[in-house]
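**Q** Build me a model:
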Amino acid sequence: MMVATRVMADADRATLAESLAAIADAQGVYAATGAARLLSGALLAGAVWFLWKAWAATSSRTLPALAVLAASGAITAVSGASALWLAIIAPATAEAAAAGALDAPTEMAAVLRWLTGKLGFAAAGIGLAALAIRRPPPGDPIARLPVVTLAIGLSMQLIWVDAATVLHRITGTAFFAWLLVSGVALIRRSQARSS
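**A** Down below sits the predicted model:
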């Protein structure tokens, strides 16, 4: 949902004034992308607790990777909150921005949204790469995906390269698929243990 609404809002423009105008025109859609980003960050940070519970008894080496993933979730949630704030203030600030009278809090919110969005995504990639190179505990469903996990984690670092925009969407989708597959595998393993 986050990616779809962000693409629909089409608010990634050359200047902040143009971006604010686009956000004001698609306020509801942009607010939805901010809410989805906030929720996805919070869910990732929360999911780390379940991963820690699944791995703590068998491998203490996962702790640094899990800490990075938790930080990624928290940072991504801040990015979502910043996007929501921009959606709220865009109608009132778009005209002032077009006239060159942009206030500092609006500029700060835009920079915070941009920076935390990139940092959160990059941190998630670092967390994945760290998970891939650790020695997985026996029976760990993630152990079956180390090359894929490493490839996704490393390719997520291209978030800093604007020319790789198409690749960002691919790696974001791959990250989502990795989370889904890993989550299902961990749930199945947990159910098998309890039965």
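**Q** Show me where this protein dips below the pLDDT cut-off.
**A** When residues are selected by pLDDT under 70, those of the chain lie in 1-10, 55-60, 135-143, 195.
**Q** Could you measure from Cys84 over to Gly34?
**A** Not Cys; residue 84 is Leu. Computed as C-beta to C-beta, to the nearest Å, the Leu84 to Gly34 distance reads 4 Å. From N, CA and C alone the C-beta is placed, and that goes for glycine too.
**Q** Looking at the two, which has the bigger crowd around it?
**A** Taking neighbours as other C-beta atoms under 10 Å, Leu84 and Gly34 compare with Gly34 leading, 26 against 20.
**Q** and the nearest residue to that one once chain neighbours are set aside, how many residues sit next to it?
**A** Using C-beta to C-beta, 6 or more residues apart in numbering and skipping the chain neighbours, the partner closest in space to Gly34 is Ala83 (3.1 Å). Other residues near Ala83 come to 32 when the count uses other C-beta under 10 Å.
**Q** Next, please give the residue ranges for the helices of this protein.
**A** 2-9, 16-25, 27-55, 63-98, 104-133, 146-155, 165-194 (DSSP state H).
**Q** can you tell me which residues contact Leu167?
**A** Shown in contact with Leu167 (C-beta atoms under 8 Å, 6 or more residues apart in numbering): 155, 158.
**Q** And for Ala96?
**A** Residues near Ala96 by C-beta under 8 Å, 6+ apart: 102-103.
**Q** For Leu86, see how far away it is.
**A** Applying C-beta to C-beta, the value for Ala96 to Leu86 is 14 Å.
**Q** and if you look at Ala26?
**A** 12 Å.
**Q** Comparing these two, which residue is more hemmed in?
**A** Leu86 (25 against 19).
**Q** Quickly note the distance from Leu179 to Ala81.
**A** Leu179 is 21 Å from Ala81, by C-beta to C-beta.
**Q** which one of the two has more residues nearby?
**A** Ranked by neighbour count (other C-beta under 10 Å), Leu179 and Ala81 place Ala81 first, with 20 against 16.
**Q** ok, and the closest non-adjacent residue to that one?
**A** The spatially closest residue to Ala81, leaving aside those adjacent along the chain, is Leu38, at 5.5 Å (C-beta to C-beta, 6+ apart).
**Q** Isn't the one you found up against Ala77?
**A** Yes - here Leu38 reaches Ala77: they are 5.2 Å apart, a contact under C-beta atoms under 8 Å.
**Q** how about the residue lying closest to Ser82 once chain neighbours are set aside, what does it touch?
**A** Sequence neighbours aside, Arg113 is the residue nearest to Ser82 in space, at 3.6 Å (criterion: C-beta to C-beta, 6+ apart). The neighbours of Arg113, taking C-beta under 8 Å, 6+ apart as the test, are 79, 82-83, 86.
**Q** Which of the residues you listed sits closest to Phe121?
**A** Ser79 (8.8 Å; C-beta to C-beta).
**Q** Could you measure from the closest one over to Ser40?
**A** 10 Å.
**Q** who has more neighbours, the two?
**A** Ser79 (24 against 20).
**Q** and the gap between that one and Arg144?
**A** 31 Å.
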